[in-house]
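Enquirer: got a predicted model here, sequence first, then my questions.
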Amino acid sequence: MNYQDLLKAINIGPRDPGGCTPPVVEAARAGGEDAHLLVNAIHGWEIRNKRKAGPGDEAEILAVRDQLVANMGATRSKAAD
């Protein structure tokens, strides 16, 4: 599920920035691990910016997702040591 599709899916119903509603949960579950990471990135971005993400915010949110992935890799690497 790409950013635009996920954004549409999580905003089917009303929600506050960073809010987790049934459509958010359904979209994250349906999209697998990539969607989970993207939902987490969207929520983090929305909480920091105090507004819901839109189509024009994609690059920033994908950067947040990439940082989440990098942090997870670093954590896994430390755990393996």
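Expert: Thanks, I have it. Residues are numbered from 1 along each chain as shown.
Enquirer: what packs against the helix or strand Leu6 falls within?
Expert: Following DSSP states H and E, the helix or strand that holds Leu6 is helix 3-10. Using 3 or more C-beta pairs under 8 Å, 6 or more residues apart in numbering; DSSP states H and E, the elements in contact with helix 3-10 are helix 22-49, helix 58-80. C-betas here are computed from N, CA, C, even on glycine.
Enquirer: tell me which of the ones you listed sits nearest to Asp16.
Expert: Closest approach to Asp16 among these is made by helix 22-49 (8.5 Å; C-beta to C-beta).
Enquirer: which of the helices and strands packed on helix 3-10 has the highest mean neighbour count?
Expert: Highest mean neighbour count of the helices and strands packed on helix 3-10: helix 22-49, a mean of 17 (counted as mean count of other C-beta atoms under 10 Å).
Enquirer: rewinding a little: any idea which of the helices and strands packed on helix 3-10 has the lowest pLDDT on average?
Expert: Lowest mean pLDDT of the helices and strands packed on helix 3-10: helix 58-80, a mean of 88.
Enquirer: okay, the angle between that one and helix 3-10?
Expert: 90 degrees (axes from the mean of the first three to the mean of the last three C-alpha atoms, to 10 degrees).
Enquirer: chain center to helix 58-80, what's the gap?
Expert: Remark: helix 58-80 is offset 12 Å from the chain centroid, using C-alpha atoms, centre = their mean, to the nearest Å.
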